[in-house]
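> Here is a sequence with its predicted model. Questions after.
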Protein chains: 2
Amino acid sequence: MRRKVTLKQIAKELDVSISTVSKSLRDSPEISEDTRQKVQAFAKLYNYKPNLIALSLKNKKTKTIGIIIPEIVHHFFATVISGIEHVANEHGYNVIVTLSDESFDKEVINMEMLANGTIDGFIMSLSKETQHKKDFHHITEVINQGMPVVMFDRVTNDVLCDKVIIDDNLAAYEAVQSLIDKGFKKIALITTVDYVSVGKLRTDGYIKALKTNDIVVDPKLILKIEDIDICDHQIEELIKNNEIDAVFAVNELFAVTAIKAAKMVNKNVPEDISVIGFTDGIISKYSSPSITTVSQNGIKMGGKAAKMLIERLESEEEEEEHFKTEVIETHLVLRESTPTL
Amino acid sequence: MRRKVTLKQIAKELDVSISTVSKSLRDSPEISEDTRQKVQAFAKLYNYKPNLIALSLKNKKTKTIGIIIPEIVHHFFATVISGIEHVANEHGYNVIVTLSDESFDKEVINMEMLANGTIDGFIMSLSKETQHKKDFHHITEVINQGMPVVMFDRVTNDVLCDKVIIDDNLAAYEAVQSLIDKGFKKIALITTVDYVSVGKLRTDGYIKALKTNDIVVDPKLILKIEDIDICDHQIEELIKNNEIDAVFAVNELFAVTAIKAAKMVNKNVPEDISVIGFTDGIISKYSSPSITTVSQNGIKMGGKAAKMLIERLESEEEEEEHFKTEVIETHLVLRESTPTL
C-alpha cells in the first residue's frame, strides 16, 4: 500500500528541521537555493502536496473549524473548547481539535494537516516553543492563502489576525493590589519563563502593582518556573527561605503547589500566607483550602473566538483587513486561600 | 460561494432524523423505499457525498487517527488522549479529536466528517445517547467499509471491533469489598442511569460485593443520577435521610459532591462517612479531604488503543477478523476519604 509522505519524514530523510521543509516548500527566501531545490525535488518524488495547493480550491467549504491548543490536560483550554463548540454548532459548524503538546514542530504539522482541505479556518493558542522561537511562518502563510485564523490567550503581535485575550497585565495588577489592600507587603510571585506571553504580562502586572504602592521589587521573591513537573522543590525553597506573607501564582497548578509547600514548612493558608491563583479551574474549586483566583472565563473566550471566525468566514468582503482584538473581562473569585477581611 | 450541504441540513430540510438520512444514504433496509429515494435525490441534488465514496479511495493513507470522545471537560478522557497522542506520534501518526457532547447526532456527524478521507481509523468512546438508543449503524458501516475502529471505556457488544476496557465490575466489587473489610455495612451507591455501560457494570459489582458478604441490597441506598449538573440535592437527601456509613460513587464528581453534601448535614468524612470514588483525576487529588479512588490509568488505556489501531492499520492481512478486547488493570488509590485502618 502506497503511503503518503509527511513533513516529518521529509525532514528526517534530508536531515533538516520541519520548519526548513515547510519554508522550502513555500519558496521562502530564508532558505538557501540549494536546500529549497533538494526539498522540493524530494517532495515531488514522493507526491507530497503542501496546503498551498489544497487551498487554491477555495470554493470547497467544509463547515469545519480547526482548533490547535498547547495541551489538553488543562481545564482552561477544555472550557475554551466547550465555548467554541457551542457557538460553532449553533451556526452549523463542526469542530476538530488537535494538540501541539507545547511543541513547535507539532503545531506546524497539525496546521499543515488541517489546512489541507479539512477545515475552513483556525482558532489557536500558541505553543510555548513557538513563542520562544518567534517563528510564525506557518501561521502567516495560512493567512496569506486566505484561510482566517483567530488566536486566543497566547497570542503574538507578529501575526496580523483576529485575537481574543484577557488583559493579563491588568488582571494581575488587580489581584496583587487586592493583597496589598489587605496589608500584605512581602508578596512572592510564582510565574513562567518570560517567553510565555501571558506569564510575562502577568509578571509585569505584579511589578506595576508593587511599584504603584511604593513597595520595592525583590528579585528573590520572583520565581520563574521552566518545567511545571519539577517545580515542587523550587516553590518549597521560595517559601522556606523568605519571610513572605502572600503568594501570587500565574496559574492554578503553581497556586495549589504553593499551598502544599506551605503545609510542608508548617505554614497555614490563609493564616500565615495568603495565596491567589490564576485560571478558575476545578483544582481551585476543590483544593483545600479552596483557592482565590482570577477567573478567565474560557467559555466566553471560546464563544467569542468562534463568533469572530465564523463572521470572517461568512463575510462577503474578502479583502477586509481590519483585524480586531477582543478583550474578555476577568474578575477575582474569592475563596478560602485569602482572608475574608 | 457554494457551500457543502451537511447531514444535518438534509435532515432539517426533509424533516427526518440525522440517523434516517445517514441510513438512507447507505441503502439501509430499515428505511422505507420512499424515504430512501427522497433523501438520496436531495443528497444528489446538493452534491452530498457520504463517506462510502471517500472510503473507496483506500490507497490514500492520511497517517492520522480520529478520536471521538463524549466530553472534554473530564480529566479521564484528557489522559486517554495524552496516551493515544504519545503512542501515535512515536509511530508517525497525527491525532484529531472531536467531541460528541454525549449526543448521538453529533457522534454520527463527526464520524461522517472524519471518515470522509481525513483519517485512517477511529478510537472512540460512545456517547450516552448512543448507548441509550443502541443505534450503532454509523460505526458498523465505517467498519464494513474497511476503516478500523477501536472502542475504549464505553463500549458495546453490538459492534465487532477491537476494544480496551477496564474490568468495571471487578474494580467496583473490590472497592466495595474494601469498605466491607473495614466493617461498614450500610454502603450507599451513587451511580449513573443503567444505559451507561460502565455505570451499569459498576452497579453490578457493588451488588455482587454486598451479596457475597450476605448484606441485604437496600434500593433506598442506590441513587441513579441522570443529570450530573443537578445531582447536589439528590445526593444530600440520600445522605440526610438514611443511616449510612460509607458511599461508593462511580465517578469523581459524584464522590466530591457526596463529600460536600456530608458537610452540609454536619457529617465528617471519613469519621462519620467513608467515600470511595472512581477515576483518579485532579479533583480526587486536590479535594478536601482527598478522595480514595479506583484508578483507571487513562494514559495506559489510550496507549493500548493506539497500539491496537496502528497494528490493524499496518497489518498486511486485511481479512483477519480476530478482534481483541484488552483489559487494563485498575487499583485502589488510598487517600483521606477512607479510614487508614
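Good, I have the coordinates.

> Get me the contact residues on the stretch 1-150 of chain A for chain B.
Residues of the stretch 1-150 of chain A found near chain B (Cβ under 8 Å from any Cβ of the partner chain) are A:1-4, A:6, A:8-9, A:59-64, A:72-75, A:78-79, A:81-82, A:85, A:89, A:92, A:94-99, A:101, A:106, A:109-110, A:113-114, A:118. In short, each C-beta sits where N, CA and C put it, glycine included.

> and those, which of them are in helices?
In this view, those that belong to helices under DSSP state H are A:8-9, A:75, A:78-79, A:81-82, A:85, A:89, A:106, A:109-110, A:113-114.

> For chain B, state which of those residues is nearest.
A:Ala78 (4.5 Å; Cβ to the nearest Cβ).

> State the number of residues packed around the closest one.
Per other Cβ atoms under 10 Å in any protein chain shown, the neighbour tally for A:Ala78 reads 24.

> Would you mind measuring from A:Val198 to B:Ala305?
Here A:Val198 is placed at a distance of 33 Å from B:Ala305 (Cβ to Cβ, to the nearest Å).

> Look at those two and report which has more neighbours.
Set A:Val198 next to B:Ala305 and count neighbours by other Cβ under 10 Å: B:Ala305 wins out with 30 against 26.

> ok, the more buried one - contacts?
Neighbouring residues of B:Ala305 by Cβ atoms under 8 Å, 6 or more residues apart in numbering or on different chains: B:80, B:83-84, B:123, B:150, B:152, B:162, B:164.

> With A:Thr212 instead?
For A:Thr212, the contacting residues are A:173, A:177, by Cβ under 8 Å, 6+ apart.

> now the helices for the stretch 201-341 of chain A?
Per DSSP state H, counting those that start in this stretch, the stretch 201-341 of chain A carries helices over the ranges A:232-241, A:252-264, A:282-286, A:298-314.

> Least confident of those, on average?
Mean pLDDT is lowest for helix A:282-286 among these, at a mean of 85.

> still on that earlier bit, for A:Leu221, which of the helices of the stretch 201-341 of chain A is the nearest?
helix A:232-241 (7.6 Å; Cβ to Cβ).

> Extract the C-alpha set from the closest one and format it as PDB.
Provided in PDB are the C-alpha atoms of helix A:232-241 (Å, rounded to 0.1, in the frame of the first residue of the first chain):
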ATOM      1  CA  ASP A 232       7.700  21.500  43.800                       C
ATOM      2  CA  HIS A 233      11.100  21.800  45.300                       C
ATOM      3  CA  GLN A 234      11.700  25.300  43.900                       C
ATOM      4  CA  ILE A 235       8.400  26.600  45.400                       C
ATOM      5  CA  GLU A 236       9.100  25.000  48.700                       C
ATOM      6  CA  GLU A 237      12.600  26.700  48.900                       C
ATOM      7  CA  LEU A 238      11.000  30.000  48.000                       C
ATOM      8  CA  ILE A 239       8.500  29.800  50.900                       C
ATOM      9  CA  LYS A 240      11.000  28.300  53.400                       C
ATOM     10  CA  ASN A 241      13.900  30.800  52.800                       C
END
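
> got the angle between it and helix A:252-264?
For helix A:232-241 against helix A:252-264, the angle by axes from the mean of the first three to the mean of the last three Cα atoms, to 10 degrees is 50 degrees.

> can you pull the buried residues of helix A:232-241?
By neighbour count on 16 or more other Cβ atoms under 10 Å in any protein chain shown, the buried set for helix A:232-241 is A:234-236, A:238-239.

> What is the nearest of the ones in helices among the residues of the stretch 1-150 of chain A next to chain B to A:Lys260?
Checking those against A:Lys260 with Cβ to Cβ, the nearest one is A:His75 at 18.3 Å.

> Next one: the closest residue to A:Val16 other than its chain neighbours from A:Ile18, what distance?
Nearest residue to A:Val16, sequence neighbours excluded (Cβ to Cβ, 6 or more residues apart in numbering or on different chains): A:Thr35, at 6.6 Å. According to Cβ to Cβ, A:Thr35 stands 13 Å off from A:Ile18.

> between the two, who's got more neighbours?
Of the pair A:Thr35 and A:Ile18, A:Ile18 is the one with more neighbours under other Cβ under 10 Å, namely 22 against 15.

> Poorly predicted segments of chain A, please.
Scanning chain A for pLDDT under 70 picks out A:1-4, A:47, A:49-60, A:316-321, A:341.

> Would you enumerate the residues in contact with the residue of it found nearest chain B?
Residue nearest to chain B within chain A (Cβ to the nearest Cβ): A:Ser288, separated by 2.5 Å. Shown in contact with A:Ser288 (Cβ under 8 Å, 6+ apart): B:286-290.

> Just the buried subset of those, please.
For these, a burial check counting by 16+ other Cβ under 10 Å picks out B:286-288, B:290.

> residues in contact with the closest residue to A:Val73 other than its chain neighbours?
With sequence-adjacent residues excluded and distances taken as Cβ to Cβ, 6+ apart, A:Val73 is closest to B:Ala78, at 4.5 Å. By Cβ under 8 Å, 6+ apart, B:Ala78 lies in contact with A:72-74, A:78, B:72, B:298.

> Just give me the neighbour total for A:Asp27.
A:Asp27: 10 neighbours (other Cβ under 10 Å).

> Now the phi/psi pair for it, please.
When read as degrees, to the nearest 10, the backbone of A:Asp27 gives phi 60, psi 40.

> Hmm, A:Arg36 and it touching each other?
Yes: taking contacts as Cβ atoms under 8 Å, A:Asp27 lies within contact range of A:Arg36: 6.7 Å.

> So which bits of the stretch 151-300 of chain A are right by chain B?
Within the stretch 151-300 of chain A, the residues that sit near chain B (Cβ under 8 Å from any Cβ) are A:256, A:282-283, A:286-290.

> For the residues you listed, which two are the farthest from each other?
Within those, A:Ile282 and A:Pro289 form the most distant pair, 14.9 Å apart (Cβ to Cβ).

> Report the buried members of the ones in helices among the residues of the stretch 1-150 of chain A next to chain B.
Buried subset of those (neighbour count, 16+ other Cβ under 10 Å): A:8-9, A:75, A:78-79, A:81-82, A:85, A:89, A:106, A:109-110, A:113-114.

> which ones are touching A:Glu236?
By Cβ under 8 Å, 6+ apart, the neighbours of A:Glu236 are A:261, A:264-265.

> what do you get for A:Asn89?
By Cβ under 8 Å, 6+ apart, the contact list for A:Asn89 reads A:95, B:106.

> With the one 4 residues further on instead?
By Cβ under 8 Å, 6+ apart, the contact set of A:Tyr93 is A:63-65, A:120, A:306, A:310.
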